[in-house]
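Participant: sequence and predicted structure below; questions after.
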Amino acid sequence: MIRFLALCTLILAGPVAAQDLTLPASARQISERISPLDSYDLPTGPYANGSVPARTVEGHVERFSWRLQAGSSTTLQLLAPLRDQIEAQGFDILFECEARTCGGFDFRFGTEVIPTPDMYVAIQDYRFLSATKGAEVLSLLVSRNPPDGYVQMIRVTPLGAPSPTPVVIEQTVDGTGGLLAEFERTGHVILDDLHFRTGEVALGDGPFASLTLLAGFLAENPGMRLALVGHTDDTGDLQANTSVSTRRAQAVRTRLINAHGVASDRIEAQGVGYLAPITSNATAEGRDLNRRVEAVLLLN
């Protein structure tokens, strides 16, 4: 059984001794924007009479978004545990709605949303809540673009309050579940805590939980090997995309060898460009999902 510490920088702990907000181990932070002094229109009700009613608040404004593996989970299943944690920290829910009761298209475009591809909102499949704790306010917006889920959080802390520090959450995860269970069941898995923008081939500094898991899996299963397969969106021609996707896969292979001690003869890497998309390339969100590296299980 493999166990690991996934270090995820999350930010909902309050300024003083609050509990941590824990997202699923598959969550990956996509965007972060912090303004020492800014304002935010906190929605307080559904779209009506041509606008979304809102309360303008000023202070230290933080805007974050995450992408996570949603599978068959509904937006309520994604939101509910976060809502429970918020209430446990002393926040009062001010307003909550789902797509239809929020106002659908009008609410989504009448309130602040982090631009795509950092946040995706399906007009008929999202949930929103706003909450307060004294002068501190926050909002959560959750949506899905299967197989992924998206979470946006905006928090405003009043000036003069202790600065809210990012919290490092340590999650001990049973390696036989989640990514490894999918890997062993289907023989392949998307390493979705890795991310490549159009044309980029360099892998970030990490750490990447998926690579820690794969290295541990190989250490405990000497009869297994990996093939890393790179994929791109359809921007550009096939030859160029095949080259980019191959270099991405090779970058992941190099990281597993150099940083995780995996023997080079147990990993191969290849790219197939845009030939195996998992969704349409017609949207920015789809192209973002199609830029990926997958691990394929091989026997020695």
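Facilitator: Noted; the coordinates are in hand.
Participant: show me where the stretch 101-250 of the chain has its helices.
Facilitator: For the stretch 101-250 of the chain, applying DSSP state H, counting those that start in this stretch gives helices covering 104-108, 178-186, 209-220, 238-260.
Participant: buried stuff in the longest one?
Facilitator: What it means is helix 238-260. Neighbour counts using 16 or more other CB atoms under 10 Å place 241-253, 255-256, 260 of helix 238-260 among the buried residues. Every residue, glycine included, has its C-beta placed from N, CA and C.
Participant: and the two most separated of these?
Facilitator: Using CB to CB, the buried residues of helix 238-260 reach their maximum pairwise distance at Asn241 and His260, which is 27.4 Å.
Participant: burial of Ala88, as a residue count?
Facilitator: 11 (other CB atoms under 10 Å).
Participant: ranking the helices of the stretch 101-250 of the chain by mean pLDDT, which is last?
Facilitator: The minimum mean pLDDT among these belongs to helix 178-186 (a mean of 79).
Participant: so that helix versus helix 209-220, what angle?
Facilitator: Here helix 178-186 runs at an angle of 60 degrees relative to helix 209-220 (axes from the mean of the first three to the mean of the last three CA atoms, to 10 degrees).
Participant: who are the packing partners of helix 178-186?
Facilitator: Applying 3 or more CB pairs under 8 Å, 6 or more residues apart in numbering; DSSP states H and E, one finds that helix 178-186 makes contact with strand 188-190, helix 209-220, strand 292-299.
Participant: on that earlier part again, out of the buried residues of helix 238-260, who's nearest Ser72?
Facilitator: For the buried residues of helix 238-260, the nearest to Ser72 is Val252 (27.5 Å; CB to CB).
Participant: related to what we said a few turns ago, distance to Asn49 added to the helices of the stretch 101-250 of the chain, as CSV?
Facilitator: Output for these, formatted as CSV (distance: least, CB to CB, whole Å):
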stretch, distance to Asn49
helix 104-108, 11
helix 178-186, 46
helix 209-220, 46
helix 238-260, 49
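Participant: Gly149: which of those is closest?
Facilitator: The closest of the helices of the stretch 101-250 of the chain to Gly149 is helix 178-186. By CB to CB, the value is 14.5 Å.
Participant: any idea how far the residue nearest to Ser31 when sequence neighbours are not counted is from Glu32?
Facilitator: Nearest residue to Ser31, sequence neighbours excluded (CB to CB, 6 or more residues apart in numbering): Asp118, at 3.9 Å. Counting by CB to CB, to the nearest Å, the gap between Asp118 and Glu32 amounts to 9 Å.
Participant: okay, the two: which has more neighbours?
Facilitator: Using other CB under 10 Å as the criterion, Asp118 and Glu32 rank with Asp118 on top: 21 against 14.
Participant: the more buried one contacts Ile30, doesn't it?
Facilitator: Yes - assessed by CB atoms under 8 Å, Asp118 is found in contact with Ile30 at 4.7 Å.
Participant: please enumerate the shared neighbours of the two.
Facilitator: Listed as contacting both Asp118 and Ile30 by CB atoms under 8 Å, 6 or more residues apart in numbering are Ser65.
Participant: Provide the secondary structure category for the residue most central in space within the chain.
Facilitator: By CA atoms, centre = their mean, the chain has its centre lying nearest to Arg67, at 2.0 Å. Here Arg67 is recorded as strand under DSSP: H, G, I helix; E, B strand; the rest coil.
Participant: contacting residues for it?
Facilitator: Arg67 neighbours (CB under 8 Å, 6+ apart): Ala27, Arg28, Ile30, Asp148, Gly149, Tyr150, Asp192.
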